[in-house]
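K.L.:
okay, predicted coordinates and the sequence, questions at the end:
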Amino acid sequence: MKYFVKVDDHDFVIDLGPDQQMTVNDDSLTVDYQQLPDSGVLSLLINNRSLVTVVEKRNDIYEVLINGELYEVAVQDERSYRLAKARGDVREASGEITVRSPMPGVIVKVPVEQGQTVAKGETLVILESMKMENELKSPRDGVVLRINTSSGASVEKGQDLLIVGDSIGE
């Protein structure tokens, strides 16, 4: 089965084959995974390389945390992709976007201030969880409209941390 995947500004074509085989943009991979019970934590084995990820679906987007980096991933099957392309549907980040904690932890630092202009990919919050520091990055260019946390705060999975939106006057 073929999927069209957008990670940040990069497009990938993923074709799932039999027996844990997968091609990503014509590169062959062997993939095995296990989801830990009652969590969004996945243990991945890609070409014998182990990765631990956290995956959470929000509307039509998956938020994927790998090695402390948070990615927004849009996935469409082949039929949906071709229909959207024929209609000219284009996904643009606009409006207010709430950045939520992908897992429980403690806020180490919030290096931005309310009203600050941020670029897509800029670090908004540093979260410590499972003895690892995870940088949560801005999903778009915009302005920090509201901060709902502070350094030292304990947070739960899915808790609202801050909101990034359009610049004032746009």
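P.N.:
Cool, got the structure. Numbers count the residues shown, from 1 in each chain.

K.L.:
neighbouring strands for the strand or helix carrying residue 29, and are they parallel or not?
P.N.:
Taking DSSP states H and E as the criterion, residue 29 maps to strand 27-35. Paired strands of strand 27-35, with direction, are strand 21-24 (antiparallel), strand 41-46 (antiparallel) (DSSP bridges).

K.L.:
could I get it in CSV with only the CA atoms?
P.N.:
Taking Å, rounded to 0.1, in the frame of the first residue of the first chain, the C-alpha atoms of strand 27-35 are listed here in CSV:
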residue,chain,number,x,y,z
ASP,A,27,15.1,3.4,-0.7
SER,A,28,14.4,-0.1,0.7
LEU,A,29,14.1,-0.5,4.5
THR,A,30,13.3,-3.4,6.9
VAL,A,31,11.0,-2.1,9.6
ASP,A,32,9.6,-3.7,12.7
TYR,A,33,7.7,-2.0,15.5
GLN,A,34,5.9,-2.6,18.8
GLN,A,35,3.6,-0.2,20.5
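
K.L.:
nearest to residue 5, of the strands paired with strand 27-35?
P.N.:
Taking C-beta to C-beta as the criterion, strand 21-24 is the member of the strands paired with strand 27-35 that comes nearest to residue 5, at 8.5 Å. Every residue, glycine included, has its C-beta placed from N, CA and C.

K.L.:
and the next helix or strand past the helix-or-strand element of the chain with minimal mean pLDDT?
P.N.:
In the chain, no helix or strand scores lower on mean pLDDT, DSSP states H and E than helix 78-87, which sits at a mean of 73. Downstream of helix 78-87, the first helix or strand assigned by DSSP H and E is strand 97-100.
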